[in-house]
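Novice: dropping a prediction and its sequence here:
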Amino acid sequence: DTAVSQTPKYLVTQMGNDKSIKCEQNLGHDTMYWYKQDSKKFLKIMFSYNNKELIINETVPNRFSPKSPDKAHLNLHINSLELGDSAVYFCASSQEGGGRAEAFFGQGTRLTVV
Amino acid sequence: AQSVTQLGSHVSVSEGALVLLRCNYSSSVPPYLFWYVQYPNQGLQLLLKYTTGATLVKGINGFEAEFKKSETSFHLTKPSAHMSDAAEYFCAVSDIGANNLFFGTGTRLTVIP
């Protein structure tokens, strides 16, 4: 039973399209995150949500819009996709705020924009 | 915001040799500290973490790390490398009281037979 699941695992799309990535966690965690991993493996936090409320938005273009319908889900919608958006996107969750809890990661969604 | 520095983007060791992966953080207030491992085409998995208490932390797969406040470091070690240790390793920090987790640039570990 997967703890943090993301769909789809692979996503190939054309420039200018709009796409969504879904994330669900069944761990009962209060905090969820989106990370972007670029081609050099650098992991950058994009968003952090705690109990459905946005906590962190790390200078991400407003083409990226996270949505949290409930605390078990954090979806990522991307408008007007650009070549530079190609990356692996990871969803994660953690038990508590305050920073001390480990984050559990999904398997990632490899987005390729052509 | 915190910054995390991992010296050496690529480390190669022989099987059975000591593994040492370096991590330094920037904050004057010690944050929470983590090491994660990423195997090819997979998500990240926690190896170990330091929050409070004993500064030498033991994790999974024989890894350990020591928090040294005076050096703002949290280096990862393993006495004897195994082929299965080949992966990407990330040091991460989290500010106390915050819902953030900032990663270093990663170190790719290669184990030579």
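Specialist: Everything's here; your move.
Novice: and stretch A:25-43, what's its mean pLDDT?
Specialist: Mean per-residue pLDDT for stretch A:25-43: 91.
Novice: try stretch B:53-60
Specialist: Per-residue scores along stretch B:53-60 average to 94.
Novice: can you check stretch B:27-37 too?
Specialist: The predicted model assigns stretch B:27-37 a mean pLDDT of 88.
Novice: next, the contact list for B:Thr55, please.
Specialist: Residues near B:Thr55 by Cβ atoms under 8 Å, 6 or more residues apart in numbering or on different chains: B:66-69. Quick note: C-beta positions are derived from backbone N, CA and C, even for glycine.
Novice: pLDDT added to those, as a markdown table?
Specialist: Formatted as a markdown table, these follow (pLDDT from 0 to 100):
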| residue | pLDDT |
| --- | --- |
| B:Glu66 | 96 |
| B:Phe67 | 95 |
| B:Lys68 | 94 |
| B:Lys69 | 91 |
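Novice: mind checking which of those land in strands?
Specialist: Among the contacts of B:Thr55, the members found in strands (DSSP state E) are B:66-68.
Novice: are any of the contacts of B:Thr55 buried, and which?
Specialist: Neighbour-count burial (16 or more other Cβ atoms under 10 Å in any protein chain shown) is assigned, among the contacts of B:Thr55, to B:Phe67.
Novice: A:Glu102: what's it in contact with?
Specialist: Shown in contact with A:Glu102 (Cβ under 8 Å, 6+ apart): A:94-95, B:34, B:46, B:49.
Novice: drop anything exposed from those residues.
Specialist: Of these, these count as buried by 16+ other Cβ under 10 Å: A:94, B:34, B:46, B:49.
Novice: which residue packs closest to the last one, ignoring adjacent ones?
Specialist: With sequence-adjacent residues excluded and distances taken as Cβ to Cβ, 6 or more residues apart in numbering or on different chains, B:Lys49 is closest to B:Phe34, at 4.6 Å.
Novice: other SSEs contacting the helix or strand where the one you found lies?
Specialist: In the assignment (DSSP states H and E), B:Phe34 maps to strand B:32-38. The contact analysis (3 or more Cβ pairs under 8 Å, 6 or more residues apart in numbering or on different chains; DSSP states H and E) places strand B:32-38 against strand B:44-50, strand B:64-68, strand B:73-78, strand B:87-94.
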